[in-house]
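Colleague: no sequence for this one, just the structure:
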């Protein structure tokens, strides 16, 4: 016989009540100063100290390009000296930032006559361009072999470096940008542009050697498709933001349209001398192509209005996370499952690209952290919330080692690598010095049972918590695949979990409580049950065991409870048990009503 499957829908009114506390946050106006967060916004252009920046903005990432001959001896193969990179990392970290770089071999019209070690140029052919700058023979076997060894050495040193955010795949082309635009090939000895197989070799070597670091690869070249289709986590890089040349061919291809959902699009402006370049095109490029980061340089800002427009465009980059509210009980009991429900917005254009840990913490009156747990919210899956906030329900289970008493509930979004400062939310509420946000006061009550009952309750509640986290991880991952590129929420706007209690009081005949997490969706001022057997009815009980309302399925096929008792009066705020019954079985769910 088919068991009934019940899906509840509950309306959640965010306000204070005797049975719960709701803290609301104040959204930060877009006109306020820029929010500084890693892997989004304007990044430092020109070195570890961000030299060359054109506007004053918080920059928590720095970027620089190195020529190969800066990193390896000109006479001894394998004699690497990475101090120039290490010094740039140190300068960035001292400024509270991470560092990112590219290696290049050919800098046309520049001050580097030869960008590779002398032993490489002497043994691998190549020629000089019209300005006397050495151009490698990109397809020479020895050149490719030594390039592999360099990338391997860089990977051995920086693949797991905590202060490296991304590596820009380089080596080939003008400025390492993977093109030789306008170059008069063939060369004097028959040299050609790099072949596809040799290009793939360099890309594969980077991917193999930097498996723990985000890689980005330049779009709009003959090898982009290979890189993007083979490596799903690889990000994109492009020039010419704020120039008419930054057009749809950059991203509107089958392998790049949705790339921003999983990997960053990192860009720079281009050619300030080009008459088509205009800072007033930057904002449109950022929003249309979901750009996460833009170099703070390489653009001619001639007026105050130009500067203000560039700052405004910088605010549009990447994510802009906002905690809307958090609902929690005023009293929680040791060793039981307690629900914390929070609403979130992302008014930016991308998710996060760092696996931030969203944590709830309890702080004592002596300023010590007594307990913390990680939220099910995954900011790398929180897409732009165009149609409204999303709701995450977390399960907090306090061990008996947390003493009864009064605590401060806090929210903090921490870097798992413990390198970056906690993430700053787009809220006007004051942060503590450690980067946390105060949510409210909460009382911890002692578990009333025996030691054996306490142990059993804690084990059961911990299982509920694990199931809850797994459920939301699956929900967010599925929603990621379905999220449209331009609009739509991450998943349904609002969801409230009803956590089963250890040995809950259920009136006689109400049926056994299934140890599963039940999901409710935000839809109007009533609980509406769907996908249920034809003969289903509902009996609503108070926790004292009194049946306060009975409802039957209506002729139109719906079954709902509008939070009123059979007497016609609306029920008070609190927790109610609802028994759904049919000839094929029954199920009891828990509903929390907040005034």
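Modeller: Cool, got the structure. It should be emphasised that the depicted structure is a prediction, and the values quoted were computed from it without experimental measurement. Numbering: from 1, shown residues only.
Colleague: which stretches of the stretch 251-400 of the chain form helices?
Modeller: 282-289, 304-316 (DSSP state H, counting those that start in this stretch).
Colleague: And stretch 124-132, how far out from the chain middle?
Modeller: 45 Å (Cα atoms, centre = their mean, to the nearest Å).
Colleague: Go ahead and confirm residue 449 touches residue 458.
Modeller: No. Applying Cβ atoms under 8 Å, one finds residue 449 not in contact with residue 458, separated by 10.8 Å. C-betas here are computed from N, CA, C, even on glycine.
Colleague: More neighbours: these two, which one.
Modeller: residue 458 (20 against 14; other Cβ atoms under 10 Å).
Colleague: Where does the residue nearest to residue 270 when sequence neighbours are not counted fall, secondary structure wise?
Modeller: Nearest residue to residue 270 in three dimensions, chain neighbours excluded: residue 240, at 3.8 Å (Cβ to Cβ, 6 or more residues apart in numbering). Using DSSP states H and E, residue 240 maps to strand 235-241.
Colleague: Pull up the pairing partners for that strand, direction included.
Modeller: Using DSSP bridges, the strands paired with strand 235-241 are strand 214-218 (parallel), strand 265-269 (parallel).
Colleague: For residue 89, see how far away residue 157 is.
Modeller: 10 Å (Cβ to Cβ, to the nearest Å).
Colleague: Tell me which of the two has more neighbours.
Modeller: More crowded of residue 157 and residue 89, by other Cβ under 10 Å: residue 89, with 23 against 14.
Colleague: list the contacts for the more buried one?
Modeller: 48, 99, 161, 163, 164 (Cβ atoms under 8 Å, 6 or more residues apart in numbering).
Colleague: change it to 6 Å
Modeller: Going by Cβ atoms under 6 Å, 6 or more residues apart in numbering, residue 89 touches 99, 163.
Colleague: In what element of secondary structure is it found?
Modeller: According to DSSP H and E, residue 89 maps onto helix 83-94.
Colleague: ok, which stretches of the stretch 101-250 of the chain are helices?
Modeller: Under DSSP H, counting those that start in this stretch, the stretch 101-250 of the chain gives helices at 118-123, 141-158, 196-209, 224-230.
Colleague: Buried ones in the third one, by neighbour count?
Modeller: What that stands for is helix 196-209. Of the residues in helix 196-209, 198, 199, 202, 203, 204, 205, 206, 207, 209 count as buried by neighbour count, 16 or more other Cβ atoms under 10 Å.
Colleague: Show me what it is packed up against.
Modeller: helix 141-158 (3 or more Cβ pairs under 6 Å, 6 or more residues apart in numbering; DSSP states H and E).
Colleague: Show me the contact partners of the helix it packs on.
Modeller: Contacts for helix 141-158 (Cβ under 6 Å, 6+ apart): 80, 82, 120, 123, 124, 136, 164, 171, 205, 206, 209, 210.
Colleague: Touching, residue 41 and residue 315? I think so.
Modeller: No. The pair residue 41 / residue 315 is not scored as a contact, 7.6 Å apart, by Cβ atoms under 6 Å.
Colleague: excluding its backbone neighbours, what's nearest residue 79?
Modeller: Nearest non-adjacent residue to residue 79, counting by Cβ to Cβ, 6+ apart: residue 73, 3.7 Å away.
Colleague: okay, and for the stretch 351-500 of the chain, where does confidence drop off?
Modeller: Applying pLDDT under 70 to the stretch 351-500 of the chain picks out residues 468, 471-472, 474-500.
Colleague: first vs last residue of stretch 124-138, how far apart are they?
Modeller: One end of stretch 124-138 to the other measures 9 Å (Cα to Cα, to the nearest Å).
Colleague: Likewise for stretch 398-417?
Modeller: End-to-end distance for stretch 398-417, by Cα to Cα: 25 Å.
Colleague: can you pull the buried residues of it?
Modeller: Buried residues in stretch 398-417, counted by 16+ other Cβ under 10 Å: 398, 402, 407, 408, 409, 410, 411, 412, 413, 414, 415.
Colleague: Go through those and say which is closest to residue 300.
Modeller: Nearest to residue 300 among the buried residues of stretch 398-417 is residue 415, at 35.6 Å by Cβ to Cβ.
Colleague: how close does that closest one get to residue 359?
Modeller: Taking Cβ to Cβ, one finds residue 415 at 11 Å from residue 359.
Colleague: ok, now residue 348?
Modeller: Taken as Cβ to Cβ, the span from residue 348 to residue 359 is 21 Å.
Colleague: Show me the shaky parts of the stretch 151-300 of the chain.
Modeller: 248-255, 271-273.
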